[in-house]
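>>> turn this into a structure:
(4 chains)
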Protein chains: 2
Amino acid sequence: MPKPSIVLVDPNVAETEKPINEALAQHRTLLVVGNCWVHYVGRAKSKLEAGERILIIKQDGSLLVHRSTGYEPVNWQPPGCVFNGKVKDGLLEITAIRKKPHESVRIFFDRIQMLSALNLVDAGEFSLYASEEDMQKAILLRPSFVEEGFKPASYEKKVEPGFVDVYGMDKEGNLVVVEIKRKTASKEAVLQLAKYIDAIKSRADRRVRGILAAPSIARDVQRLLETLGLEYKQVDPKKCADTLHKAETKKLLEFSEES
Amino acid sequence: MPKPSIVLVDPNVAETEKPINEALAQHRTLLVVGNCWVHYVGRAKSKLEAGERILIIKQDGSLLVHRSTGYEPVNWQPPGCVFNGKVKDGLLEITAIRKKPHESVRIFFDRIQMLSALNLVDAGEFSLYASEEDMQKAILLRPSFVEEGFKPASYEKKVEPGFVDVYGMDKEGNLVVVEIKRKTASKEAVLQLAKYIDAIKSRADRRVRGILAAPSIARDVQRLLETLGLEYKQVDPKKCADTLHKAETKKLLEFSEES
DNA sequence: AATTAAATTTCGCCT
DNA sequence: AGGCGAAGTTTAATT
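Next up, the predicted model:
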């Protein structure tokens, strides 16, 4: 039976110790806004001077300290920390300790504008569309996105430097390696594809074609691509997402008709 | 003259429209906790079903939606967004729009546990120690970290593929190229060093040694390194940071004695 | 403005 | 558990 949320506005620092440690013990989400400074020692080492920030401690043991600007937290810890809060001499000190790698974040508050201990109930599903994985699935489903007559044979095939996105054969019987990028193809993508081609060519008995499938490509990158004897095929991630979506809807329909 | 912070606990959704738009207009930091769902369209596309989350909108136009677990936000926008909040049919809809690339995040709240509009005052400085740059400075200051008798000649020297971290001479008069890594040396670091060495060897009149200075190196990477005729020297970033710190303290002392 | 490299990257997947 | 590659990566530096 979860206790309801607690919100304290402008509390004395001293009176926050108990609710904070209760919230931490119950693995609730903790939200603290106030004037603080932060010491971090671990993979690196940092010091943040005093200022007003937002501290978030989540139930999985992750920690975020956010300043008034910027997408990224100024200090943080990934999930799995152990926390402790204590008040001494009018200061609230919150310590987060992680092992492997061993590191710690210590936050000192001398004034707290708001403290909140929350019970966040969240079972909602998150779906991301048009990821590189979606594009891969869509190409396997509709190989003509790459080329008419293309026949995929395998995907995520192990080829020495790493993994090939899609691997198959064109209508002339040549081997085809497809490298997929969700956005504008970079030089790195071209070089990666070239590496795969080289590795496969060395032990193939026929011609090996490399196709870079991406929504766009820069002029100079395309030149590099052509110099290396590779090809480019424009593929729209949105269209891939739509194709996938329709396929999945159809599958669901068939399933419900069967049952 | 900044207005003080506002905190509303369990407000009706309808009554949040005005304070939210005021806070957005005044570029205050907005904190909303409540039950919401999120649609994102832009570089990719995502959908997040209903659940209780924390929304942060910062004064620089960045946006974060945090779930009850995880270091990373489930949805976000980097700084520079334009926001709008409106209430309709008992729902609060907050829209964030970014141009270049054009994308949008729409958040719908049907229940709000807490709303807070903050004026965060934060002029504190953030310092990170033991960066790669710090290690470079420390090696220039104390070349014996690389090797007894090593004499640095230059740093960030242009050598065709890019820049060499530290460049100098050993006590036998051989050229020495030092590549610095703040953490475990990767295969990429070894190959990069090899490229520099090749470039320099081609126009040098004496032996050229390549030393990879890093806190650690994987067994197989070390094998590759040795195959390429390069060397590894263990260097501790923390020790570098300490050396630097002491040097800077000393410098400050000398300065205050002079004046 | 575009490109490249680094990050206390984190995260996921596979060996 | 360690290693490798991808990310709606972001961010800073450099061309």
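>>> so which elements touch the strand or helix carrying residue A:107?
Using DSSP states H and E, the element containing residue A:107 is strand A:103-118. Other elements packing on strand A:103-118 under the criterion 3 or more CB pairs under 8 Å, 6 or more residues apart in numbering or on different chains; DSSP states H and E are strand A:6-9, helix A:17-25, strand A:29-41, strand A:45-57, strand A:63-66, strand A:75-77, strand A:91-98, strand B:103-118. (Each C-beta comes from the backbone N, C-alpha and C, glycine too.)
>>> ok, and the closest non-adjacent residue to residue A:152?
In space, and not counting its chain neighbours, residue A:152 is closest to residue A:168: 4.0 Å by CB to CB, 6 or more residues apart in numbering or on different chains.
>>> picking that back up, and the strand holding residue A:107, what's buried?
A:103-109, A:111-118 (16 or more other CB atoms under 10 Å in any protein chain shown).
>>> state the distance from the nearest residue in space to residue A:4 that is not next to it in sequence to residue A:34.
Spatial nearest neighbour of residue A:4, chain neighbours left out: residue A:119 (7.3 Å); criterion: CB to CB, 6+ apart. Using CB to CB, to the nearest Å, residue A:119 is found at 22 Å from residue A:34.
>>> of these two, which one has the most company?
A side-by-side neighbour count of residue A:119 and residue A:34, using other CB atoms under 10 Å in any protein chain shown, places residue A:34 first with 23 against 18.
>>> hmm, the more buried one is touching residue A:116, no?
No. With contact defined as CB atoms under 8 Å, residue A:34 and residue A:116 do not form a contacting pair (11.6 Å).
>>> right, and the helix or strand after the helix or strand hosting residue A:128?
Using DSSP H and E, residue A:128 sits in strand A:126-129. As assigned by DSSP H and E, the chain's next helix or strand after strand A:126-129 is helix A:132-141.
>>> what lies in contact with that following helix?
A:145-146, A:152, A:155, A:165-166, A:178, A:180-182, A:213, A:235, A:237, A:239-241, A:243-244, A:247 (CB atoms under 8 Å, 6 or more residues apart in numbering or on different chains).
>>> list buried members of the residues you listed by neighbour count.
A:145-146, A:152, A:155, A:165-166, A:178, A:180-182, A:213, A:235, A:237, A:240-241, A:243-244.
>>> how deep is the residue nearest to residue A:152 tucked in, by neighbour count?
23.
>>> what's the following helix or strand after the helix or strand that contains it?
Element membership of residue A:168 [criterion: DSSP H and E] is strand A:162-169. Next along the chain after strand A:162-169, taking DSSP H and E as the criterion, comes strand A:175-180.
>>> do that next one and chain B meet?
No. Residues of strand A:175-180 are not located near chain B by CB under 8 Å from any CB of the partner chain, the shortest gap being 14.0 Å.
>>> and the next helix-or-strand element following that strand, what does it pack against?
For strand A:175-180, the following helix or strand on the C-terminal side (DSSP H and E) is helix A:187-201. Applying 3+ CB pairs under 8 Å, 6+ apart, we find helix A:187-201 packed against strand A:151-159, strand A:162-169, strand A:175-180, strand A:208-214, helix A:219-227.
>>> low-confidence ranges, the stretch 151-259 of chain A, go.
Applying pLDDT under 70 to the stretch 151-259 of chain A picks out residues A:155-164, A:249-259.
>>> name the residues of it found near chain B, please.
A:182-183, A:237-238, A:241.
>>> widest-spaced pair of those?
Using CB to CB, the pair of those lying farthest apart is A:183 and A:241, separated by 13.7 Å.
>>> show me the shaky parts of the stretch 1-150 of chain A.
Using pLDDT under 70, the stretch 1-150 of chain A drops low at A:1-3.
>>> now the common contact residues for residue A:183 and residue A:241.
By CB under 8 Å, 6+ apart, no residue touches both residue A:183 and residue A:241.
>>> can you pull the contacts of the residue in the stretch 101-250 of chain A that DNA strand C sits nearest to?
As assessed by CB to the nearest atom of the strand, DNA strand C sits closest to residue A:218 within the stretch 101-250 of chain A, at 4.0 Å. The contact partners of residue A:218, taken as CB under 8 Å, 6+ apart, are A:184-185.
>>> ok, it to residue A:189 distance?
Taken as CB to CB, the span from residue A:218 to residue A:189 is 11 Å.
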